[in-house]
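Peer 1: okay, here's the prediction I keep looking at, along with the sequence it came from:
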Amino acid sequence: MISLSNIKKTYPGGTGRKTDGQVKALNGISFNVDKGELFGLIGPDGAGKTSLFRTLTTLILPDEGEATVDNYDIRKDYQQIRNRVGYMPGRFSLYQDLTVEENLNFFATVFGTTIKENYDLIKDIYQQIEPFKDRRAGKLSGGMKQKLALSCALIHKPSVLFLDEPTTGVDVVSRKEFWAMLKKLRQEGITILVSTPYMDEANLCDRIALIQKGDILSIDKPDNIVRSFPGQLYAVHASDTHRLLQDVRSFPGTATCFAFGDSLHVTFKDAPSGSNAPSGAATGSPGEPQALLQYLQARNHPDATVEKTGPTIEDCFIHLLKN
Amino acid sequence: MKTLIFLLEKEFRQILRNKGIVRMLIIAPVIQLILLPLAADYSVKNISIAVVDNDHSTASQRLIGKITSSGYFKLTGYTGSYKAALSMVEQDRADLVLQIPAHFERDLVRENTQKLYVAINAIEGTKANLGGAYLSSIVQDYNQEIRQDWHTSATVSIQDAPQISIASSNWYNPFMNFHLYIVPAILVTLVTAMASMQTAFNIVQEKESGTIEQINVTPIKKYIFITGKMIPFLVLGIIIFSLGLLVGWIFYGIVPVGNLGVMYLSLVDYLFAMLGLGLLLATYSGTQMQAMSLSFFFINIFNMMSGAFTAVDSMPGWAQAIVQTFPPSHFIKIMRMVVLKGSGLSDITYELGAMFVIGLVLNTWAILNYRKTA
């Protein structure tokens, strides 16, 4: 449905001078998205997610590489692609001085259709904002703006939907609702490419690509990515988290240590005298957790606990970044 | 076509919904057109003159009386020393000093010739030039009168001596009514500001709010989008122009001598060029601030160089060549020709053609650049 091979894009440096540091936004990106798949692009700000969206929606041309959307080439068949995709940019970009209904009507007409014709598709979403249909779009709340933007992106029944950080700046309840809507749309057979900086949303996708500085670090199902986390992860907890972080990091056996919520996620170094762990992965020797606990108690953390825990996408992402 | 109509509907809805803009677009030009011609008047009045009379004769009194009764001059000083008069100039109480020498009357009678000394404060160029010219024409008049007086009283034969007199008449504007000249030009500058600036701002605003991206991922063709942007401002331009003509008629009694159809045809031609400029500026600006600075640059140059206030013919050659590429210079010329002279289409073919070519170049350039950037 969507396929990219070796897509590269470089922007000129910030000062506009040619010799100044050019920004490599996309550094040879390749992946495929199947029909009806909910595919997530996960990465921090500046990873290249928006550049990827702009390339696939034919707003910018890549410097190198090939890409197709719905089997149409992004260079040659951009007109066909524009008829078939729905795009919701990261920033709210509907007409703020037109009302909810006028905006929706406008985008329907632009695609040569009517609200009535595809009402079924947007019904669940649009019904929530329909009471405010005579309100100007600029006067809507953040969550309602997202719903309107999604309605406008869907009104022509696209076969592919591009959503660039649709839940950034939206409250938790609206985010949950939004993802529930995406699941429903997937059932309609719409292919969805969605980006998000929130790791917790990654689990809701069929497959995810972890992206950083224009490179793809890993592509797989969220479960598989979590499963591929090498070694054992421990959650360390104590009341004085700030001092705890410093103390755990100063423990000689610690390989990695990151704050995660109100606890720390820690992996341990391989035991110096030959364990059978695969090279590169920090499996940690079995005695280390106990040693750490004693170490912490000696350093005035009487309530410290060290427990085994399962890794999350975020742990995997941090692990991939480290290597 | 259906898309275009729908785009237009959307544009008009947005423009009309913006009450501030509508008010600015309608009221501001009317106020400017009422005020500016009253203030920007070329005829110079109330020139202060200081007279240094070293003669105190009937002849000198007669000359002074003639100067003050002309209506252009105000006698602000009457002294016996040039120094005192000059200090009045320094204090800005006099623009001109006229020095009448001692024995002015006696020498005039005896030697049939006399010299007057005129000193002009040239800080204000226009006032100095015109003041000097007025004064010398008054003195010449005076000269003629005196001669005639003597001739009638003395010998009759000299009156038969041949004299060359120059009589001039001002065609198309017989009373040199300055308003007739300036109102059409100001009207053009107002339409200019509206057309190019508002188009540029409108498009850049879509860039700023990101809506242009949303439009770009739809199947709307670029030329349809651009046409949809231009037509509303074409209509607005025509409305403002018509309002301006109305103001000219009500407040200054200016009724165009020429055909209104010819005038509106030229207007559409002109707006085509100026909207193209607005479009081009929009493709080069990323923010409304940039668009503002860019269009301010052009509008300033257009206002000062297009012959609205100063004659293009008196500019240096290179400047005249540049002015040829300014659509407003052609349209101001057309306006004056049609309003004052009643020129027809055949008289303004060159100007119409020039504007069309400029418009074609600007619009093509804009569309090419728009493609490249978006």
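Peer 2: Great, that's in hand. Numbers count the residues shown, from 1 in each chain, chains lettered A, B, ... in the order given.
Peer 1: please make it C-alpha for all contacts and neighbour counts, starting now.
Peer 2: OK.
Peer 1: longest helix in chain B, please.
Peer 2: Ranked by residue count, the top helix of chain B under DSSP state H comes out as helix B:222-252.
Peer 1: so does the following helix or strand past it get close to chain A?
Peer 2: Going down the chain from helix B:222-252, the next helix or strand is helix B:260-284, by DSSP states H and E. No - Helix B:260-284 lies out of reach of chain A by C-alpha under 8 Å from any C-alpha of the partner chain, never closer than 14.7 Å.
Peer 1: for helix B:260-284, the averaged confidence score.
Peer 2: Computed over helix B:260-284, the mean pLDDT rounds to 94.
Peer 1: what's it in contact with?
Peer 2: Counting by C-alpha atoms under 8 Å, 6 or more residues apart in numbering or on different chains, helix B:260-284 makes contact with B:192, B:195-201, B:203-204, B:230, B:233-234, B:237-238, B:291, B:294-295, B:327-328, B:331, B:334-335, B:338, B:344-345, B:352, B:355-356, B:358-360, B:362-363, B:365-367, B:369-370, B:373, all of which sit outside it.
Peer 1: that one vs helix B:222-252, what angle?
Peer 2: 130 degrees (axes from the mean of the first three to the mean of the last three C-alpha atoms, to 10 degrees).
Peer 1: may I see the buried residues of helix B:260-284?
Peer 2: Within helix B:260-284, the residues that count as buried by 16 or more other C-alpha atoms under 10 Å in any protein chain shown are B:262-263, B:266-284.
Peer 1: show me the shaky parts of the chain.
Peer 2: Just going to use chain A. A:13-21, A:270-286 (pLDDT under 70).
Peer 1: I was thinking of chain B, sorry if that wasn't clear
Peer 2: Applying pLDDT under 70 to chain B picks out residues B:41-43, B:150-170, B:173-176, B:372-374.
Peer 1: contact residues of it facing chain A?
Peer 2: Going by C-alpha under 8 Å from any C-alpha, the residues of chain B near chain A are B:3, B:6, B:10, B:14, B:17, B:209-211, B:213-214, B:216-220, B:374.
Peer 1: for the stretch 101-250 of chain A, what lies in contact range of chain B?
Peer 2: Going by C-alpha under 8 Å from any C-alpha, the residues of the stretch 101-250 of chain A near chain B are A:106, A:109-111.
Peer 1: B:Asp95 contacts B:Val89, correct?
Peer 2: Yes - the criterion here is C-alpha atoms under 8 Å, and B:Asp95 meets it with B:Val89 at 6.0 Å.
Peer 1: find residues that contact each of the two.
Peer 2: Contacts common to B:Asp95 and B:Val89, judged by C-alpha under 8 Å, 6+ apart, are B:Asn121.
Peer 1: OK, contacts around whichever residue of the stretch 201-323 of chain A sits closest to chain B?
Peer 2: Closest residue of the stretch 201-323 of chain A to chain B, C-alpha to the nearest C-alpha: A:Gly214 (22.2 Å). For A:Gly214, the contact set (C-alpha under 8 Å, 6+ apart) comprises A:24-29, A:47-48.
Peer 1: can you check A:Ala235 too?
Peer 2: Contacts of A:Ala235 by C-alpha under 8 Å, 6+ apart are A:263-266, A:305-309.
Peer 1: between the residues you listed, which has the most around it?
Peer 2: A:Val266 (27 neighbours; other C-alpha atoms under 10 Å in any protein chain shown).
Peer 1: which residues does stretch A:31-45 contact?
Peer 2: Residues outside stretch A:31-45 that contact it (C-alpha under 8 Å, 6+ apart): A:1-5, A:49, A:182-183, A:186-199, A:202, A:205-212.
Peer 1: looking at those residues, which are in strands?
Peer 2: Within the contacts of stretch A:31-45, residues falling in strands by DSSP state E are A:2-5, A:191-196, A:207-212.
Peer 1: any of those residues buried? List them.
Peer 2: Looks like these have A:2-4, A:191-196, A:207-212 buried, using 16+ other C-alpha under 10 Å.
Peer 1: widest-spaced pair of these?
Peer 2: Farthest pair in these (C-alpha to C-alpha) is A:Thr191 and A:Gln212. Separation: 23.2 Å.
Peer 1: among the contacts of helix B:260-284, which are located in helices?
Peer 2: B:192, B:198-201, B:203-204, B:230, B:233-234, B:237-238, B:291, B:294-295, B:327-328, B:331, B:334-335, B:352, B:355-356, B:358-360, B:362-363, B:365-367, B:369-370, B:373.
Peer 1: give the burial count for the closest residue to A:Gly169 other than its chain neighbours, as a bare number.
Peer 2: Of all residues not flanking A:Gly169 in the chain, A:Gly142 sits nearest, at 7.4 Å (C-alpha to C-alpha, 6 or more residues apart in numbering or on different chains). When neighbours are counted by other C-alpha under 10 Å, A:Gly142 registers 17.
Peer 1: try the one 5 residues further on
Peer 2: Applying other C-alpha under 10 Å, we find 23 other residues in the vicinity of A:Lys147.
Peer 1: does it touch A:Glu130 like I think?
Peer 2: No - using C-alpha under 8 Å, A:Lys147 is not in contact with A:Glu130, being 10.5 Å away.
Peer 1: mind giving me the packing neighbours of the longest helix along chain A?
Peer 2: Ranked by residue count and defined by DSSP H, the top helix of chain A is helix A:172-187. On a contact count with 3 or more C-alpha pairs under 8 Å, 6 or more residues apart in numbering or on different chains; DSSP states H and E, helix A:172-187 meets strand A:38-42, helix A:119-129.
Peer 1: so which of the ones you listed is the most surrounded?
Peer 2: Most buried of these, by mean neighbour count (mean count of other C-alpha atoms under 10 Å in any protein chain shown): strand A:38-42, with a mean of 25.
Peer 1: partner strands of it, parallel or antiparallel?
Peer 2: strand A:191-196 (parallel), strand A:207-212 (parallel) (DSSP bridges).
Peer 1: show me the contacts for the residue in the stretch 151-300 of chain A that chain B sits nearest to.
Peer 2: Closest to chain B within the stretch 151-300 of chain A is A:Ala153: 9.2 Å, counting by C-alpha to the nearest C-alpha. When contacts are counted by C-alpha under 8 Å, 6+ apart, A:Ala153 touches A:86-88, A:161.
Peer 1: how about a cut-off of 10 Å?
Peer 2: A:85-89, A:104, A:107-108, A:122, A:147, A:161-163, B:214, B:218 (C-alpha atoms under 10 Å, 6 or more residues apart in numbering or on different chains).
Peer 1: and for B:Met305?
Peer 2: B:299, B:311-312, B:315, B:319-320, B:322-323, B:326, B:328-329.
Peer 1: just among the contacts of A:Gly214, which is most surrounded?
Peer 2: Result: A:Leu26 is most packed of the contacts of A:Gly214 (other C-alpha under 10 Å), 27 neighbours.
Peer 1: how far away is that one from A:Ala47?
Peer 2: 8 Å (C-alpha to C-alpha, to the nearest Å).
Peer 1: swap in B:Gln214?
Peer 2: From B:Gln214 to A:Ala47 the distance is 22 Å (C-alpha to C-alpha).
Peer 1: what do you get for B:Asn259?
Peer 2: Look at B:Asn259 and A:Ala47: by C-alpha to C-alpha, they are 64 Å apart.
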